[in-house]
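Need a 3D model of the sequence below.
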Amino acid sequence: MVNVTLKDGSVRQYPAGTSLAAVAKDISPRLGKEALVAAVDGRLVDLSHPLEQDCQVEFYTFDSEPGRQAFRHSSAHVLAQAVTRLFPGVKLAIGPAIQDGFYYDFDVPKPFTPEQLARIEAEMQAIVKEDLPITRFELSRQEALQRFARAGEDYKVELINDLPEDSVISCYQQGEFVDLCAGPHVPSTGYLKALKLTSLAGAYWRGNEKNKMLQRIYGTSFPKKSQLEEHLFRIEEAKRRDHRKLGAELDLFSIQEEGPGFPFFHPKGMVIRNELENFWRQEHRKAGYQEIRTPIILNRALWERSGHWDHYRENMYFTKIDELDYAVKPMNCPGGILVYKSKLHSYRDLPIRLGELGLVHRHELSGVLHGLMRVRCFTQDDAHIFMLPEQIQQEIKGVIDLIDRFYSVFGFKYQVELSTKPEKAMGSDEIWEVATSALENALRDKNMPYKVNPGDGAFYGPKIDFHLEDCLGRTWQCGTIQLDFLMPEKFDLTYVGEDGQKHRPVMIHRVIFGSIERFIGILIEHFAGAFPAWLAPVQARVLPITDRHLDYARQVTETLVSAGIRAELDERNEKVNYKIREAQSQKVPYMLVVGDREAQEGTVAVRHRSAGDQGAMPLNQFLALLQEEIASKQIK
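I've put the predicted structure just below:
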């Protein structure tokens with residue numbers, strides 16, 4: 001008998017050779033129906049996997065990340081099978097699961113068309129109805145090479161050739177279709193109840209522009225049709241909220257042909273940007289930060305010393321000044337370090353918190369540029385904290401509190417991830433272990449749940465990343481905290497300790513917005529352009545009913561503007577209902593309609609863009625309510 005320890009710590013016994021599918025069914029009929037894959041002693045396997053010895057087992061349904069990954073990876077195989085049925089001779093590349101879906105890359109003579117996409121989707125649904133078992137088998141490396149070479153699958157052969165000589169190659173089969181794959185997969189194609197192909201794109205083989213352009217088909221899949229419909233609704237809503245579309249409609253920003261990847265902020269966009277920066281400065285002053293400004297262009301020797309020349313050069317821009325090499329800064333940290341280094345510090349001075357709204361430039365390929373989300377120049381709300389080793393925990397917790405304060409103002413929930421030492425990293429394992437432990441301990445002290453991303457840290461230190469969740473459930477990586485023992489060493493940073501000797505400080509790199517440009521893009525989509533009053537480019541628009549009410553409308557507008565409200569007057573000779581619709585389309589929070597009664601009584605008829613008619617009230621009363629809404633940064 002085999003002892004199986006489950007996630008809750010309970011132990012069950014089964015005859016050797018019992019499959020995981022049978023174990024799931026024995027635990028509960030529901031689990032037997034919903035389980036997709038399982039982990040045996042931490043290793044993900046198919047439900048057909050037989051249990052031969054005592055082990056720990058955890059089952060995964062679609063509600064878990066491993067379950068969703070397997071479900072959508074299996075969907076990608078169904079997509080590939082459908083394409084090979086409809087287009088004999090097609091060559092297969094790769095087909096992974098991705099966030100919210102899957103894709104598969106194909107080498108075909110001509111690009112797919114939308115009509116062909118509909119045919120492929122219909123064939124996929126037929127394959128699901130066939131309920132084909134998805135089974136795993138293994139081959140030696142030589143056997144796999146021969147099999148896929150005979151089938152003319154050049155891309156699979158290239159992948160196999162990259163594997164070690166003694167590799168055992170796993171493949172998966174469903175009906176007539178066989179694919180090279182590590183797995184795991186769901187038990188059969190019948191599990192994939194709700195499938196939808198969403199788009200077509202070109203993609204270079206292995207992401208290298210020197211390689212052949214392949215045809216990529218994207219799709220998504222769910223266990224239930226209702227889940228698919230909900231997801232498709234979110235996609236349509238995301239299109240409606242696209243910050244590029246709203247940015248143009250609301251006249252916030254533009255990307256010009258003369259500067260691809262370099263955004264232009266228009267007057268209304270600058271209002272939002274300035275409000276965010278004002279809020280940033282206010283909160284950082286309260287948290288004990290001092291603001292600095294460092295140059296955009298600095299000498300090559302600085303970037304060699306920081307490690308960016310070796311580790312980040314392909315993303316940097318360069319110039320020559322007086323025959324010497326200079327670089328446009330991709331990061332603010334070396335400049336902040338030079339400010340710290342400009343004078344001697346005592347242990348009594350620490351921690352020193354230096355904040356900078358610093359413009360940085362990074363080279364991005366044109367194909368990945370995307371509105372404000374992926375640009376070539378952006379402003380990072382950086383801060384660098386120089387501290388004593390014994391201050392690490394408290395400073396990290398202080399940054400976490402500040403980030404929580406910022407995100408709560410915008411109504412964002414967030415998730416936390418800890419990223420550890422990458423393959424290309426500076427410094428010893430011991431330094432990285434100390435730094436990583438410090439971040440972990442701070443998260444535990446704050447009782448914050450977090451996910452670990454092994455190998456995803458910066459080249460100079462581990463980091464905590466904060467992923468915002470917007471109103472559509474999408475996540476955006478914005479804030480980060482990076483603990484750094486290495487830069488202080490490389491730049492010979494010191495402070496004078498209590499003993500009168502020089503010691504090495506520890507450094508934190510951190511951002512909250514991340515990139516102000518990207519954060520504005522996120523806010524545009526999160527609020528669908530209907531910003532809270534404190535951020536809205538125009539907070540109130542005054543709408544006179546006829547020309548004879550213009551004088552009073554001007555008085556109202558002047559009163560609001562004098563009180564610091566961003567108000568404007570619609571003087572056009574148009575019907576008031578047209579003016580209201582226009583103001584609502586521009587997402588103006590408040591519309592103040594004024595006619596005979598309002599002029600006589602000194603009132604305004606208030607309309608809110610979403611709540612509608614709020615009734616008439618004295619102008620001073622409305623002004624006080626709006627000022628309170630702005631001061632408290634309410635979200636309505």
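
The nearest residue to I98 once chain neighbours are set aside: what secondary structure?
With C-beta to C-beta, 6 or more residues apart in numbering as the criterion, I98 has its nearest non-adjacent residue at 7.5 Å, and that residue is R72. Glycine gets a C-beta too; all of them are placed from N, C-alpha and C. Classification of R72 using DSSP: H, G, I helix; E, B strand; the rest coil returns helix.

and Y450, how far is that from R444?
9 Å (C-beta to C-beta, to the nearest Å).

Neighbour count for the two, which is higher?
Neighbour count, other C-beta atoms under 10 Å: between Y450 and R444, Y450 has more, with 17 against 10.

Apart from its chain neighbours, what residue comes closest to that one?
V416 is the one closest to Y450 (C-beta to C-beta, 6+ apart), at 4.2 Å.

contacting residues around the one you found?
Going by C-beta atoms under 8 Å, 6 or more residues apart in numbering, V416 touches 443, 448-451, 464-467.

Which members of these are classed as buried?
Among the contacts of V416, those classed as buried by 16 or more other C-beta atoms under 10 Å are 443, 448, 450, 464-467.

Closest to V40 out of those residues?
Taking C-beta to C-beta as the measure, V40 lies nearest Y450 of the buried ones among the contacts of V416, at 25.5 Å.

What segments of the stretch 501-636 of the chain are strands?
Assigned strands in the stretch 501-636 of the chain, in chain order: 502-503, 506-511, 540-544, 567-569, 590-594, 603-608, 612-618 (criterion: DSSP state E, counting those that start in this stretch).

and of those, who's closest to L145?
Closest to L145 of the strands of the stretch 501-636 of the chain, according to C-beta to C-beta: strand 506-511, at 46.5 Å.

Counting by contacts, list what that closest one packs against.
strand 377-387, helix 392-409, strand 475-484, helix 487-490 (3 or more C-beta pairs under 8 Å, 6 or more residues apart in numbering; DSSP states H and E).

Sheet partners, orientation included, of it?
strand 377-387 (antiparallel), strand 475-484 (antiparallel) (DSSP bridges).

Please work out which of those is packed deepest.
Neighbour counts (mean count of other C-beta atoms under 10 Å) averaged over each of the strands paired with strand 506-511 peak at strand 377-387, with a mean of 23.

May I see the buried residues of stretch 33-42?
Neighbour counts using 16+ other C-beta under 10 Å place 34-40 of stretch 33-42 among the buried residues.

Which ones among those map onto strands?
Of the buried residues of stretch 33-42, the ones assigned to strands by DSSP state E are 37-40.

quick one: which of those is nearest to G358?
Nearest to G358 among those, counting by C-beta to C-beta, is A39 at 43.9 Å.

From R43, how far off is the residue lying closest to the closest one once chain neighbours are set aside?
Nearest residue to A39, sequence neighbours excluded (C-beta to C-beta, 6+ apart): E58, at 4.7 Å. Going from E58 to R43 by C-beta to C-beta gives 11 Å.

So what angle separates the directions of the host helix or strand of the residue nearest to Y450 and helix 392-409?
For V416, the host element (DSSP states H and E) is strand 413-419. Interaxial angle, strand 413-419 versus helix 392-409 (axes from the mean of the first three to the mean of the last three C-alpha atoms, to 10 degrees): 150 degrees.

Buried residues, strand 413-419. List them.
The neighbour-count check on strand 413-419 (16+ other C-beta under 10 Å) flags 414, 416-419 as buried.

List of residues touching the next helix or strand after that strand?
With elements assigned by DSSP H and E, the helix or strand that comes after strand 413-419 is helix 429-445. Contacts with helix 429-445, where a contact means C-beta under 8 Å, 6+ apart, come from 392-393, 396-397, 400, 416, 418, 420-421, 425, 450, 457, 461-464, 481, 483-486.

What's the end-to-end length of stretch 412-432?
In stretch 412-432, first residue to last residue: 31 Å (C-alpha to C-alpha, to the nearest Å).

Quick one: mean pLDDT for that stretch?
For stretch 412-432, the mean per-residue pLDDT is 86.

same check, this time on stretch 355-369
When pLDDT is averaged along stretch 355-369, the result is 93.

quick one: buried residues of it?
Neighbour counts over stretch 355-369 (16+ other C-beta under 10 Å) mark 355-362, 364 as buried.

Just the CA atoms of that stretch, as PDB, please.
The C-alpha trace of stretch 355-369 is given here as PDB (Å, rounded to 0.1, in the frame of the first residue of the first chain):
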ATOM      1  CA  GLY A 355      13.400  61.300  -3.500                       C
ATOM      2  CA  GLU A 356      13.500  62.200  -7.200                       C
ATOM      3  CA  LEU A 357      10.900  62.500 -10.000                       C
ATOM      4  CA  GLY A 358      13.600  61.600 -12.500                       C
ATOM      5  CA  LEU A 359      13.200  61.400 -16.300                       C
ATOM      6  CA  VAL A 360      14.900  58.300 -17.600                       C
ATOM      7  CA  HIS A 361      15.300  56.900 -21.200                       C
ATOM      8  CA  ARG A 362      15.400  53.300 -22.100                       C
ATOM      9  CA  HIS A 363      15.500  51.800 -25.600                       C
ATOM     10  CA  GLU A 364      12.500  49.600 -26.400                       C
ATOM     11  CA  LEU A 365      11.900  47.900 -29.700                       C
ATOM     12  CA  SER A 366       9.300  49.700 -31.800                       C
ATOM     13  CA  GLY A 367       7.100  46.500 -31.800                       C
ATOM     14  CA  VAL A 368       6.500  46.600 -28.000                       C
ATOM     15  CA  LEU A 369       5.700  50.300 -27.700                       C
END
